[in-house]
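# Sharing a sequence plus its predicted fold:
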Amino acid sequence: MSAIVAEGLTKHFGEVRAVNGIDIEIARGAIFGFLGANGSGKTTTIRMLTTLLKPTAGSARVEGLDIVAEARAVRRRIGVALQEAGLDDLQTGRELLTLQGRLFGMPGAQVRRRVRDLLEIVDLAGAADRAVGGYSGGMKRRLDLAAALIHWPSVLFLDEPTTGLDPASREAVWRYVNQLCAEDGITVFLTTQYLEEADRLAHDLAIIDEGRVIARGSPADLKATIGTDVVTVRVGGPAEALDRAAEAAAAVPAVERVQRADGAAVVYVPNGARAVARIVLALDEAGVEVGDVSIAQPSLDDVFLQATGRHLRAGEMPADGGAA
Amino acid sequence: MRTAATVWHLTRRSLREAVRQPAQEAGNIIIPLFFLAVLVGAIGPIAGDSFGVDNFMGFQVPVAILSAAANISVSAGLGTITDIQRGYFDKLLLTPAPRSAIVLGRIAADGVRTLAITALIVVVGIAFGSGFDAGPGGVAVLLLGSFGFGMGYSGINAAIALRTGSPQAAAAGGLFFFPLIFLSTAFAPKEVYAGWLEALATANPITYILEAQRSLIIDGWDGLDLLWGGLATLGFGAVSFTLTFLALRWRTS
Ligand SMILES: Nc1ncnc2c1ncn2[C@@H]1O[C@H](COP(=O)(O)OP(=O)(O)OP(=O)(O)O)[C@@H](O)[C@H]1O
Ligand SMILES: [Mg+2]
């Protein structure tokens, strides 16, 4: 049985088509990445799958249970950490986790043990009896994660779990997600706008754009669909220069495809290292002012670019850890 | 069973929240007591001669109790809105707990808070000469009634909070209390009112709740007054809970 199956899952808010017919099937025990830019429909999809929002059309099952007809049973099996850590400033971390456990029907002694263990795991034991209002952003994220795990869920939903975290905290979340999946066999459904996060963490990936899945597969398979290296040539001068550059590059032997994006010609060619000299020469002959040139293996951004004609803009993780 | 346990855990959470905001709780207590003192100071001396109420303190204690209930419920409505805005309400909805019980937890806490403030107001009233004719048993009945009214009134603000999610709307919801209390027998027996006001006061359930509480304080046991007061409290609660559950259904669909 698959952990999650969605068929034609759709949510419209009046005129806004937030999610527009999503079909996905996610194997048990996998880390599934849902990659998309701001406003692409990631959160709306998660809110439907976690029973917080009723679909306009389509259906979905989580652990074989219908998200509308069997919503209560679905909630017993899933843990959810939403994009904005939903916490209560006036309770202490321990009180908040304890209440959450009790609402899942866990008996008192069991809740006490579980809360103690989780507080250790997310490194909040020292702050457990302080009011949540005084926690830092990173501490709130970790408390939220602990709250999502209180009842040993079999499917964990994480909506942008590392947005706004510093690199060390981000690594910690990645490590922890990997551990949950490897040791406890939990299925993880995780959204992100970071290419690197999707690449490093997800076993299986869907790229979402304007409420639709535009690419699907493992990161390696997706990148393999590009089939070539990617030579990116920055072009100076007027916009018209970029058109000339693209034309000239396309005429170079072995070049399969050229795409224009953000003042650069993106050239798809096998064996980029060998082709780069010929490309630069051709552009020079066409009278184009050539700026930076780079050769790379295809990235998920190239997959995104190929499908949409745009870069995944928010895709660069802030090196200093500030929110993008 | 799950419902009772959920209500219990969330009632405790809301009471903890109230205790941790002592300034807000103090406001809920002080404002009704202030009005009580001013009204009794201004009108008390002439109340006996003008409209035959000799024990004006006893006459006004129930008004203070009802205003305290209204204040408490506005602050609880704001609490619900904070939960919604912070996303904590979603976290509660993500548990398998019955959703109506999640809302009832806070409403029950309002009942408890109203009960506690009522006890305080009764003590202050007695200290300043209201007496309590029905004795300790009467105090118990009054506390029980105020618990019920506190819950019923809380439903109104819970409904506004769930339907709007807006702090402005919640604050405006507090104004709802003014017509309810002014168009009742809050300040004088309705016999001295103008005809139109007397008709409105007769139709207003608050009148019967006030009269039942007054009967316990001033006259001792009066079965009929208590019966009407109890029915009015139940009716009021039935309407407000219906609104609450409609608002909850709207929010979660
Ligand atoms: N309650 C709502 N009412 C109206 N429109 C909404 C609502 N929720 C989401 N939308 C719209 O639906 C679209 C998808 O939003 P969603 O929050 O799912 O995107 P997202 O991929 O999670 O974006 P982000 O990366 O910014 O979190 C957006 O255009 C958003 O404005
Ligand atoms: Mg989102």
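That came through fine. Ligands and ions are numbered 1, 2, ... in the order given.

# Setting the sequence-adjacent residues aside, check what's closest to the residue of chain A most remote from its centre.
Here the centre of chain A is the reference, and by CA atoms, centre = their mean the most remote residue is A:Glu285, at 42.1 Å. Counting by CB to CB, 6 or more residues apart in numbering or on different chains, A:Glu285 lies nearest to A:Ala248, which is 7.2 Å off, once chain neighbours are set aside. C-betas here are computed from N, CA, C, even on glycine.

# Give me the nearest residue to B:Asn55, chain neighbours excluded.
Nearest non-adjacent residue to B:Asn55, counting by CB to CB, 6+ apart: B:Ile218, 5.3 Å away.

# list the contacts for B:Val40?
B:56-57, B:60, B:128 (CB atoms under 8 Å, 6 or more residues apart in numbering or on different chains).

# check contacts around whichever residue of the stretch 1-150 of chain B sits closest to ligand 2.
Closest residue of the stretch 1-150 of chain B to ligand 2, CB to the ion: B:Gly87 (12.0 Å). The neighbours of B:Gly87, taking CB under 8 Å, 6+ apart as the test, are A:82, A:84-87.

# Any residues of the stretch 1-150 of chain A in contact with ligand 2? List them.
Applying the criterion CB under 5 Å from the ion, the portion of the stretch 1-150 of chain A that neighbours ligand 2 consists of A:42-43, A:83.

# at 8 Å what do you get?
Contact residues (CB under 8 Å from the ion) of the stretch 1-150 of chain A with ligand 2: A:38, A:42-44, A:46, A:83.

# gap between the helix or strand hosting B:Gly48 and the chain center?
The secondary structure element spanning B:Gly48 is helix B:22-51 (assigned by DSSP states H and E). Once both centres are worked out by CA atoms, centre = their mean, to the nearest Å, helix B:22-51 turns out to sit 16 Å from its chain's centre.

# Which SSE is immediately downstream of that helix?
Following the chain from helix B:22-51 toward its C-terminal end, the next helix or strand by DSSP H and E is helix B:56-86.

# show me where the stretch 51-200 of chain B has helices.
B:56-86, B:88-93, B:99-127, B:135-164, B:167-173, B:177-182, B:195-203 (DSSP state H, counting those that start in this stretch).

# picking that back up, so the residue farthest from the centre of chain A makes contact with A:Ala249?
No - between A:Glu285 and A:Ala249 there is no contact, the gap being 11.3 Å when judged by CB atoms under 8 Å.

# Isn't B:Ile218 up against B:Asp133?
Yes - proximity of B:Ile218 to B:Asp133 meets the contact threshold set by CB under 8 Å, at 6.0 Å.

# which bits of the stretch 151-300 of chain A sit near ligand 1?
Those residues of the stretch 151-300 of chain A that sit near ligand 1, judged by CB under 6 Å from any ligand atom, are A:Gln193.

# Any idea which of the helices of the stretch 51-200 of chain B gets closest to A:Val303?
Nearest to A:Val303, of all these, is helix B:88-93, at 32.3 Å by CB to CB.

# how far does that closest one sit from the chain's center?
Centroid separation between helix B:88-93 and its chain, computed with CA atoms, centre = their mean, is 26 Å.

# what's the answer for stretch B:239-251, then?
The chain centroid and the centroid of stretch B:239-251 are separated by 18 Å under CA atoms, centre = their mean.

# ok, is that stretch in contact with chain A or not?
No - using CB under 8 Å from any CB of the partner chain, no contact is recorded between stretch B:239-251 and chain A, whose separation bottoms out at 10.4 Å.

# Show the backbone phi and psi for A:Asp209.
Phi and psi for A:Asp209, reported as degrees, to the nearest 10, are phi -150, psi 130.

# for it, what are its contacts?
Residues counted as contacts of A:Asp209 (CB under 8 Å, 6+ apart) are A:36-37, A:40, A:304, A:307-308.

# Can you tell me the closest non-neighbouring residue to the residue of the stretch 151-253 of chain B found nearest ligand 2?
For the stretch 151-253 of chain B, the residue closest to ligand 2 is B:Gly165, as judged by CB to the ion, at 18.6 Å. When the adjacent residues along the chain are set aside, B:Gly165 lies closest to B:Ile84, with 4.9 Å between them (CB to CB, 6+ apart).

# Contacts for stretch B:241-253, please.
Residues outside stretch B:241-253 that contact it (CB under 8 Å, 6+ apart) are A:54, B:93, B:99-100, B:103, B:107, B:152, B:155-156, B:158-163, B:165.

# whoops, I mixed them up, stretch A:113-127
Outside stretch A:113-127, the residues that touch it by CB under 8 Å, 6+ apart are A:93-94, A:97-98, A:101, A:106, A:128, A:135, A:139, A:142-143, A:145-146, A:149-150, A:176.

# please redo it, this time with the cut-off set to 7 Å
By CB atoms under 7 Å, 6 or more residues apart in numbering or on different chains, the surrounding residues in contact with stretch A:113-127 are A:93-94, A:97-98, A:101, A:106, A:128, A:135, A:139, A:142-143, A:145-146, A:149-150.

# Give me the subset of those lying in strands.
Using DSSP state E, the subset of the contacts of stretch A:113-127 located in strands is empty.

# Next one: the one residue in the stretch 101-250 of chain B that gets nearest to chain A, what pLDDT does it get?
Closest residue of the stretch 101-250 of chain B to chain A, CB to the nearest CB: B:Ile102 (8.0 Å). B:Ile102 carries a pLDDT score of 94 in this model.

# Make sure it is actually in contact with B:Val7.
No - using CB atoms under 7 Å, B:Ile102 and B:Val7 do not qualify as a contacting pair, with a distance of 8.6 Å.

# ok, what's across the strand from the residue most central in space within chain A?
The geometric centre of chain A, computed from its C-alpha atoms, lies nearest to A:Thr192 (CA atoms, centre = their mean), at 2.2 Å. Under the criterion DSSP bridges, A:Thr192 forms beta bridges with A:Leu35.

# residue contacts, it?
With CB under 7 Å, 6+ apart, A:Thr192 has these contacts: A:33, A:35, A:160, A:198.

# Where neighbours are concerned, which of those has the most?
The member of those that has the most neighbours, counting by other CB atoms under 10 Å in any protein chain shown, is A:Leu35 with 29 neighbours.

# so that one touches A:Asp199, yeah?
No - between A:Leu35 and A:Asp199 there is no contact, the gap being 9.2 Å when judged by CB under 7 Å.

# and the stretch 151-253 of chain B, which of its residues are near chain A?
Within the stretch 151-253 of chain B, the positions lying close to chain A (CB under 7 Å from any CB of the partner chain) are B:Ser253.

# how many neighbours does the closest residue to ligand 1 within the stretch 151-253 of chain B have?
Across the stretch 151-253 of chain B, the shortest distance to ligand 1 (CB to the nearest ligand atom) belongs to B:Gly165, at 11.0 Å. Here the neighbour count serves as a burial measure; for B:Gly165 (other CB under 10 Å) it reads 16.

# And it, how far from B:Ala101?
Counting by CB to CB, to the nearest Å, the gap between B:Gly165 and B:Ala101 amounts to 20 Å.

# For residue 133, give me its contacts.
No chain specified, so I'll use chain A. For A:Gly133, counting by CB under 7 Å, 6+ apart, the contacting residues are A:89-90.

# ah, no, chain B please
Each residue near B:Asp133 by CB under 7 Å, 6+ apart is listed here: B:217-220.
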